[in-house]
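Enquirer: Sequence and predicted structure, then a few things I'm wondering about:
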Amino acid sequence: MIEGKLGIQVNEMYKRIAIRVLLCVLCTGLAEYAPGFVHIVSFIGCFCVSIVGFILPPLFCIQLRDINRKERMSQIDFLSYCDIGALVIGIITTILTSTMTFGELRRSQQQ
């Protein structure tokens, strides 16, 4: 994907390998020399995994059910309530874990 954005063709294998190695070296150098990099990556990972794992699946189910419901004109069923409950739990979980991880980040920066 990155190679395509840079205009590197599929048959230019040496350029593709060079870009990938450069990205790996850059990330490794950043991880080695940036203070608190572990906490920053932990916060980003916590936030993204919570959204992808807990918020998006029930949100997609709600949207898919809403599309089908418009065709049938039926009322909200038990599964829709379960999806809404899972969505609320996912939002609360994302807020709590992100707050905890951000608090750790701030404590590590103060020391």
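Expert: Happy to help now that I have it.
Enquirer: from here on, contacts and neighbour counts on C-alpha atoms
Expert: Noted.
Enquirer: do you know how far residue 64 is from residue 85?
Expert: 16 Å (CA to CA, to the nearest Å).
Enquirer: Could you list every helix and strand in contact with the longest helix that the chain contains?
Expert: Counting residues, the longest helix found in the chain (DSSP state H) is helix 78-110. Counting contacts by 3 or more CA pairs under 8 Å, 6 or more residues apart in numbering; DSSP states H and E, helix 78-110 is packed against helix 37-50, helix 56-72.
Enquirer: Next SSE downstream of the lowest-mean-pLDDT helix or strand in the chain?
Expert: None of the helices or strands of the chain scores lower by mean pLDDT, DSSP states H and E than helix 2-5, at a mean of 71. Toward the C-terminus, helix 2-5 is succeeded by helix 13-33 as the next helix or strand (DSSP states H and E).
Enquirer: what about that following helix, distance to the chain center?
Expert: The chain centroid and the centroid of helix 13-33 are separated by 22 Å under CA atoms, centre = their mean, to the nearest Å.
Enquirer: Which residues does it contact?
Expert: Here helix 13-33 makes contact (CA atoms under 8 Å, 6 or more residues apart in numbering) with 3, 8, 10, 37, 38.
Enquirer: Give me the pLDDT value at the fourth one.
Expert: The score at residue 37 is 72. That number is its pLDDT.
Enquirer: again with the second one
Expert: As summarised for this prediction, residue 8 has a pLDDT of 77.
Enquirer: For it, what are phi and psi?
Expert: With angles defined as degrees, to the nearest 10, residue 8 sits at phi -90, psi 130.
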